[in-house]
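Asker: Whatever this is, show me its structure:
(2 chains)
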Amino acid sequence: MTQNKLTLALLLLTLTLGLTAQNNTSSPYSRFGIGILESKADVTSAGMGHAGVALSSDGFLNNLNPASYSSLDSTNLIFNIQGRLSFANYETSNDQQRNVDSNYEAISIGFRAGKNWGMGFSLSPYSSIGYSVNTEKYILGTIDKYPVEYNGKGGLNQIAWHNGFRIFKGLSLGVSTSYLWGSSDITEVSYYPSIIGETIYNERNYHFSTLMFDYGFQWHQAIGQNMFSLAATANFSTELNSHYTHRIYNDVTSDLSSSSGDTRNFSIPMGYQFGLAYQTHKGWTIVGDFRYNNWAESDLSISYGSPRDTYGGNLGLQYAPTRYYDSFFKRLHYRIGAFYNQEYYSVLKQDIDSKGITAGLTIPLRGKSRVNLAYEYKHSGTTSNGLINEQFNTIRVGLTFSEKWFQKTQFK
Amino acid sequence: MHMQHQTIYKHTVFIIVLIVGLASCQQGELDLRDDFIGSDSYTALIDTVTIQMSTFRSDSVVSSSTGSALIGHIHHKLLGGQEAKSYFTMSYPNDLSWDTEKQVFDSLLVVLKPNGYYIGDTIADAEYHVHRVNETISSDDGYYYSTNSFSYDEVPIASKSFHPSPGKGNELTIRLNDNFAKEIIDFVNEYKNHSDKSTLFKEQFKGLVFTCDTNTTRSAIGYSSGDESAIFRFYSHTIGIEKEEIVDELSIDGTLTQFNHFYSNDKSIKYNQLDNRKTLLREQDADNMTLLQNGSGLQFRIDFPTINNLLELKAQGHIVKAELRIKPNMEVMAIKDLPSTLYIADIYRANEIWGYLSDSNGNTLNSSLVIDYIYQEDTYYTFDITYYLNSRLLEPVVDIDRGLVISLPDNVGSSYSWLAANGKTSGNNPSELLLYYYYYDTE
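Answerer: Numbering: from 1, shown residues only, chains lettered A, B, ... in the order given. The predicted model follows:
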């Protein structure tokens, strides 16, 4: 156990460093707004099309709904760490680019804090920015072009404190208090090989931070031996504090221009999710979510486009055996799912949507610990109007420890 | 069973660490439409700053100690007849000993060795004259300039008409008047033991000047002026049982004082009327042309009368490239006439040259010559003056009296190398400043 704790502490440390150090994405679409929004789903949910607003935190930490924390086991401390490996293929009408991206996705911890009160913390990326785009511009007044390279990195991180309360049997309420912080670091490099001119670096760094609250409820109703669940989460519009530094320099002298100050604030808009789940006594679970976010009111400026309200849906199916089998494969949990997401911007008159299918597995370990695996195929974007068609094959691996840290050994 | 769980657990931790440890990698590149990114920055070739070119004459072309004596006369297409004379001082011939009893003088030659430089028509015969200078050659600052001249005897002590052979390795010999030679010998015999013989010699033999017959000579040729290259050759013999030929070779001047004098004959030509460096001949007043010539001291300057317009843009961007293109006037020049390199220097109001321009690494800036061998239209010298112009914009007050001057790097005081350049106002291949400006948006 001591060895486990040590490994866990090391993982925590590297994760904290890793969260800010690596790029989660290489998608050129991440240049818009605050980047590509990340799923909050545990690998368990990720195998079910990222659905799970109505699922209890039973054997895993369900960060899709803070109300789920109320169902944490009173004796166990649950710790989850997950990462992903993503193979991306980007296509325009002329070019193709392949990327491999990898990163930690989340680290969370949850435990029972009171009789009807479950609590947890999580650290995860809220959004990701990471792209490298090449283009050419005309030197106005000539027929010459010069190459321009755009690099972006950054994104928002979220550290959250989740609290779930059981109000009475079947009904739970929850609230997540999050601190969001991060940056968008954009460098535009202009080269002038045709005229042997200086190279100009135009570097912008935007820094964001805010405090954010998510509210949720879950209602579980037994129907015979089966369980029906209804849930929802919502957040109010939350303004992000932002300031910038802007620096222009060349490869010859030093700064040509530098400035800093506050920028026009924008908001993470009001949004809500509804979820339904039906779990049978034979181990089948079907779960579905619906989502809306009022991004049109976010005041985000999207170049050559605009923010738009988004809708999305997730659907998943799980089979988890309800009793212990000797056969390894019969002990596994199996999942499939599908999802549809609208991204929060339209660019060059094209709405950017994504959709995908998922599959997942859970390998139960000693106690309630688990290894979770999920595979996802996702498609988004379009090659119309010079835009990009994206395909992702993503593998997620998560490890959920469930240790009886609060139970004293009664017999020695 | 417990062991199996431990193994799975360890493997999973390993896999997660491995995933994260994997560096992101990329294959291929996306070239996207510019408007996908939608950056507000752009680059433009701007004509906000124009150039103004003018010719002036430098009155301080040092023509002494150049190592090259230029002698001859050319007919320049734009400047008319131009004559180069070369002055040498003389010094006491320490190495000349003379036995008055036994030695008989035969002849004295002056010998010059071509250094390879020539200009003009070397097919036509040249005629040189050697005169005795009758005025003390002296200088206040130790230098002699292309405009300096000293009076000399009208009647030469030697003349020679010859077919020019300007190649290295050749030798030009001119037999001097025997009386002149005997005067030297007599001086040596009389004063060889005198303590002040050097001074006395210089008082008597003030120097020589090499001129040419401007009616026949159509070329100017450079000769090495080093103390072993420009020499006297005495021929004599001894009287006795057996006749012995004696050849003595002596420097004209062991202290190496030699300079060239340049003169343009046709004062009706505007360029030849420029008589001090403060007078400018604007391109607009000279057929939209400017002229540069070694020897005669013609140079041209380039001013930026509208440079202050850049100040208005200064807060909005940066010059990524400023290229100055000097276009030779190929209607009067041939490709073989084009100097291979030009220098560019900072110049102030009264044509005071401050110093050569350097690039951002501190290296002296020089030109690249682009030759259009087929049409000759796109032949130009190019200077990268990006660093210069960006530095100018940092001045507290941008002074429009500061400009640039174009000059030739070599043989300024000993050659007739030249360049006729089209002005900015020329209708045909005008010289120009290409200014590429990067405009950036600020928050």
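
Asker: roughly how far apart are whichever residue of the stretch 251-400 of chain B sits closest to chain A and residue A:183?
Answerer: Proximity of the stretch 251-400 of chain B to chain A (CB to the nearest CB) peaks at residue B:321, 3.3 Å away. Just so you know, the C-beta spots here come from the backbone N, C-alpha and C atoms, and that holds for glycine as well. According to CB to CB, to the nearest Å, residue B:321 and residue A:183 sit 32 Å apart.

Asker: Quick one: classify residue 167 as helix, strand or coil.
Answerer: This is for chain A. Judged by DSSP: H, G, I helix; E, B strand; the rest coil, the three-state class of residue A:167 is strand.

Asker: I was after chain B.
Answerer: coil.

Asker: residues in contact with it?
Answerer: Residue B:167 makes contacts with B:114, B:116, as judged by CB atoms under 8 Å, 6 or more residues apart in numbering or on different chains.

Asker: how many neighbours does the residue of the stretch 251-400 of chain B closest to chain A have?
Answerer: Residues lying near residue B:321 (other CB atoms under 10 Å in any protein chain shown) number 22.

Asker: With adjacent residues omitted, what lies nearest to it?
Answerer: residue A:197 (3.3 Å; CB to CB, 6 or more residues apart in numbering or on different chains).

Asker: Work out for me the element the closest residue to residue B:152 other than its chain neighbours sits within.
Answerer: Using CB to CB, 6+ apart and skipping the chain neighbours, the partner closest in space to residue B:152 is residue B:131 (4.0 Å). Assigned by DSSP states H and E, residue B:131 belongs to strand B:126-132.

Asker: Going by neighbour count, which residues of the helix or strand just after that strand are buried?
Answerer: Where DSSP H and E defines the elements, the next helix or strand beyond strand B:126-132 is strand B:158-162. Buried residues in strand B:158-162, counting neighbours by 16 or more other CB atoms under 10 Å in any protein chain shown, are found at B:158, B:159.

Asker: rewinding a little: now the angle from the strand holding residue B:131 to strand B:158-162?
Answerer: 170 degrees (axes from the mean of the first three to the mean of the last three CA atoms, to 10 degrees).

Asker: Relative to residue B:75, how far out is residue B:339?
Answerer: 20 Å.

Asker: pull the longest strand from chain B.
Answerer: strand B:103-120 (DSSP state E).

Asker: Count the neighbours of residue 365 for me.
Answerer: Just going to use chain A. 21.

Asker: Sorry, I should have been clearer: chain B.
Answerer: 18.

Asker: what's the neighbour count on the residue nearest to it when sequence neighbours are not counted?
Answerer: Counting by CB to CB, 6+ apart, the nearest residue to residue B:365 once its immediate chain neighbours are dropped is residue B:357, at 4.4 Å. By other CB under 10 Å, the residues close to residue B:357 number 21.

Asker: Can you give me the buried ones in stretch A:392-403?
Answerer: A:392, A:394, A:395, A:396, A:397, A:398, A:399, A:400, A:401, A:402, A:403.

Asker: and if you look at stretch B:104-112?
Answerer: Buried-residue list, stretch B:104-112, by 16+ other CB under 10 Å: B:105, B:108, B:109, B:110, B:111, B:112.

Asker: now the strands: where do they sit in the stretch 251-400 of chain A?
Answerer: Taking DSSP state E, counting those that start in this stretch as the criterion, the stretch 251-400 of chain A carries its strands at A:255-262, A:266-268, A:271-279, A:284-293, A:305-307, A:310-319, A:333-347, A:350-364, A:370-381, A:389-403.

Asker: who wins for proximity to residue B:435 among these?
Answerer: Proximity to residue B:435, assessed across the strands of the stretch 251-400 of chain A by CB to CB, is greatest for strand A:255-262 (15.8 Å).
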